[in-house]
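# just a sequence and a predicted model for now, questions to come.
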Amino acid sequence: SSDELDAVSETLAQLVTRVRHTHEEIYGQPPEFVVAAPGRVNLIGEHIDYNDGFVLPMAIERYVVMAGSRAGSGHAQSRFHSISMDSDALLASDGSPVDHLDTPGWACYVQGVLAGFAGVGLDVPPLDVSFDSTVPLGGGLSSSAALEVATATLLEAVTGTTLDMREKALICQKAEHDFAGVPCGIMDQFSSVFGRAGELMLLDCRSQEITAVPFTDDGVTLLITNSNVKHELNGGEYAERRSQCDSALKIIGKPSWRDVTRDDIQMCRDQLSGSEYQRASHVVGEIQRTTRAAEALSASRLTEVGELMYASHDSLSRDFEVSCRELDLLVDLARGVGEAGGVIGSRMTGGGFGGCTVTLVKTESAPALIDRLMKEYEAETGVKPSCFTSCPALGAHIVS
Ligand code: GAF
């Protein structure tokens, strides 16, 4: 039933209205610009964007909305105000904080994007900014990429620039590397920039080319279930996975994971550590599963898509070791319902160690599945999950 759906299911239009009003209350005048940038969910292709692989994400109908105006004369720095956290960051135009001690954690994403704009020679004037978000924080749905991409979109609007979309996404990725210390791949920022309604995107992370994979609500729905747990501390596990992949590839001796076969891994088995062997097996398998899933989805072979999703989850859990008992439980509950109950496939999505699962389910079966996940997950873990569905959404854009 709808009251079991996630409480923060505000529409984009409602969020825009609220941010606009709050902005006016805080700064005494309406914003000149309002922009939106979505979070994302990844259907398949996990932990392979930084391994030259393919990913199959879509932008979701959850957004960071940011409102901004040029600050009045007499202001030398920009003020960014987070509505939900009720906190401010005072930043110079190159992103450096005015007061290091008093700068909230979320500011690093904004700082990184300001620094990126300064880096390509774009002069950002002092701004009055406020923002809020319906992307669950830390839920593996790219809340940070949405904040970066919203910032970049606002800075484009204010400076009257339209960056090349790839360059924009890469400035945001660099912000995450240099200012948040997470050596992420390109999936999240590309999803938030390039999202299109009605389409998933098959992103080749080596060439950065995108192939649209139409996904309309043709009797099936993507259900996102937030485990509402987070086990990862400061992103260290992510960086560790990344370096294990790099060292495994070095031992295998191929220039790119795209050139590696299962036989290559077997041939090097003795030189690879146990975990390098497991990581390598995941990467090579997941690259194959992702291109297969894109083909199967395009041909409406949904059972096959579902099998690939379960296989992806199992590989992430056993070989890549980025799942956790709560995510495994959510996937097992969905798997238990099975195709007879309208569930096509399910897996963890995003970086892992908590966060969300994505489940492909027949639309008519979604309410019963949500009911079951809510009851059984809470009974087993003591934590209330949250569920919501999303169609593929439009990427970052200027609202007004
Ligand atoms: C995080 C990263 F930011 C992405 O680049 C990607 O590696 C993902 O984890 C795992 O697929 O969201």
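Great, that's in hand.
# compute the number of surrounding residues for the residue of the stretch 1-150 of the chain found nearest the ligand.
Across the stretch 1-150 of the chain, the shortest distance to the ligand (C-beta to the nearest ligand atom) belongs to residue 46, at 4.1 Å. For glycine as for every other residue, the C-beta is placed from the backbone atoms N, C-alpha and C. When neighbours are counted by other C-beta atoms under 10 Å, residue 46 registers 30.
# in contact with it, which residues?
By C-beta atoms under 8 Å, 6 or more residues apart in numbering, the contact set of residue 46 is 55, 286, 312, 316, 320, 322, 347-350, 352.
# which parts of this protein sit against the ligand?
Proximity of the chain to the ligand is confined to 46-47, 49-50, 184-185, 187-188, 350-351 under the rule C-beta under 6 Å from any ligand atom.
# taking those residues one by one, which sit in helices?
187-188 (DSSP state H).
# quick check: longest helix of this structure.
Longest helix in the chain by number of residues (criterion: DSSP H): helix 274-298.
# quick one: mean pLDDT over that helix.
Taken as a whole, helix 274-298 has an average pLDDT of 98.
# hey, where'd the strands end up in the chain?
For the chain, the strands defined by DSSP state E cover 33-42, 54-55, 57-70, 78-82, 87-91, 127-133, 199-204, 209-214, 220-230, 343-349, 354-362, 386-389, 397-398.
# distance to residue 327 for those - can I get that in JSON lines?
Shown next, in JSON lines, are the strands of the chain (distance: least, C-beta to C-beta, whole Å):
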{"stretch": "strand 33-42", "distance to residue 327": "14"}
{"stretch": "strand 54-55", "distance to residue 327": "18"}
{"stretch": "strand 57-70", "distance to residue 327": "18"}
{"stretch": "strand 78-82", "distance to residue 327": "28"}
{"stretch": "strand 87-91", "distance to residue 327": "30"}
{"stretch": "strand 127-133", "distance to residue 327": "23"}
{"stretch": "strand 199-204", "distance to residue 327": "21"}
{"stretch": "strand 209-214", "distance to residue 327": "24"}
{"stretch": "strand 220-230", "distance to residue 327": "6"}
{"stretch": "strand 343-349", "distance to residue 327": "4"}
{"stretch": "strand 354-362", "distance to residue 327": "6"}
{"stretch": "strand 386-389", "distance to residue 327": "14"}
{"stretch": "strand 397-398", "distance to residue 327": "32"}
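# got JSON lines for those, with mean neighbour count too?
Formatted as JSON lines, the strands of the chain follow (neighbours: other C-beta atoms under 10 Å):
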{"stretch": "strand 33-42", "mean neighbour count": "28"}
{"stretch": "strand 54-55", "mean neighbour count": "26"}
{"stretch": "strand 57-70", "mean neighbour count": "26"}
{"stretch": "strand 78-82", "mean neighbour count": "22"}
{"stretch": "strand 87-91", "mean neighbour count": "20"}
{"stretch": "strand 127-133", "mean neighbour count": "25"}
{"stretch": "strand 199-204", "mean neighbour count": "23"}
{"stretch": "strand 209-214", "mean neighbour count": "14"}
{"stretch": "strand 220-230", "mean neighbour count": "21"}
{"stretch": "strand 343-349", "mean neighbour count": "27"}
{"stretch": "strand 354-362", "mean neighbour count": "25"}
{"stretch": "strand 386-389", "mean neighbour count": "21"}
{"stretch": "strand 397-398", "mean neighbour count": "14"}
